[in-house]
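Engineer: Sequence and predicted structure, then a few things I'm wondering about:
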Amino acid sequence: MTSPKINELQLLQQNLENIVAQKQQVQVQLMELESALKELNNTDKAYKIIGKIMFSSPKESLSKELSEKKEIAQVRIKNFKQQEERLQQNVEEIQKEVMEELKQEKKE
């Protein structure tokens, strides 16, 4: 009787793990962007790599581009956090249901 609930619980936990992993990847990207912006403020010349070629780039345009990427990363992290919270709530609810069903089965 609890098998469908257990399967649902396992699926939710896998989804939660995937969301957490994706969030961590974006957090690493955000840290790299923040570091790049910080270094960009401390230098006179700026370079941008496109493919395998490095080009000289105006500091202002590069700073603007990195700032935009940083904003996007922050929004993505916020969305991942919301998804993570919803999935965590669902996991907890299903766990309670499974535990209750298991208790009922033991009593019978």
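Structural biologist: Arrived safely, thanks for sending. Residues are numbered from 1 along each chain as shown.

Engineer: contacts, neighbours, all on C-alpha from now
Structural biologist: Will do.

Engineer: ok, which stretches of the protein are strands?
Structural biologist: 46-50, 53-57 (DSSP state E).

Engineer: For the ones you listed, give me TSV that also has distance to residue 98 and mean pLDDT.
Structural biologist: TSV is the format used below for the strands of the chain (distance: least, C-alpha to C-alpha, whole Å; pLDDT from 0 to 100):
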stretch	distance to residue 98	mean pLDDT
strand 46-50	52	91
strand 53-57	56	93
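
Engineer: Identify whichever of those lies nearest to residue 5.
Structural biologist: Nearest of these to residue 5, taken as C-alpha to C-alpha: strand 46-50 at 49.0 Å.

Engineer: Can you pull out the residues in contact with the closest one?
Structural biologist: Counting contacts by C-alpha atoms under 8 Å, 6 or more residues apart in numbering, the residues outside strand 46-50 that touch it are 40, 54, 55, 56, 57, 58, 59, 62.

Engineer: between those, which is closest to residue 11?
Structural biologist: Among the contacts of strand 46-50, residue 62 lies closest to residue 11 (C-alpha to C-alpha), at 41.8 Å.
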